[in-house]
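# below are the sequence and a predicted model; questions follow.
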Amino acid sequence: MEFQDTRFHNQEVRLDHGRFERCEFADVILEYGGGPVHIADCRFTGRLQWRFTGDLGRGLAAIGQLYAGRQAAGLKAIVDAMFPAKGADRPAPDHN
């Protein structure tokens, strides 16, 4: 769905497969499952909440469990693998 110059207020907004340009999101719940989304020149005001669904939601829940369980070493390993430091001397991941 495509939205231009639209105001979303006090509602749930599904982001997946959406195109949002010059929109305002005020006091909304943004639902996102990992699909493509385009957001440009939008404003976010008031209370903003996120709801993650599907595989993305399950993956984030697993990472959240590591964090909540104070398993910092496991969480650090996941974050390091996802966001390697630029220029770091690390072997390339084996994707076989």
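Perfect, thanks for sending it.
# quick one: the longest helix along the chain to chain centroid distance?
Determined from DSSP state H, the single longest helix within the chain is helix 54-68. Taking CA atoms, centre = their mean, to the nearest Å, the mean C-alpha location of helix 54-68 is offset from the chain mean by 12 Å.
# for Phe25, pull up the helix or strand it's in.
Secondary structure assigned from DSSP states H and E places Phe25 in strand 24-32.
# pretty sure Ala26 sits against Gln11.
No: the criterion here is CB atoms under 8 Å, and Ala26 misses it with Gln11 at 9.5 Å. No exception for glycine: its C-beta is placed from N, CA and C like everyone else's.
# contacts made by the longest helix of the chain with the rest, please.
The contact list for helix 54-68 (CB atoms under 8 Å, 6 or more residues apart in numbering) reads Tyr32, Gly33, Gly34, Arg51, Phe52, Gly74, Leu75, Ile78.
# how about 7 Å then?
Contacting residues not belonging to helix 54-68 are listed as Tyr32, Gly33, Gly34, Phe52, Gly74, Leu75, Ile78 [CB atoms under 7 Å, 6 or more residues apart in numbering].
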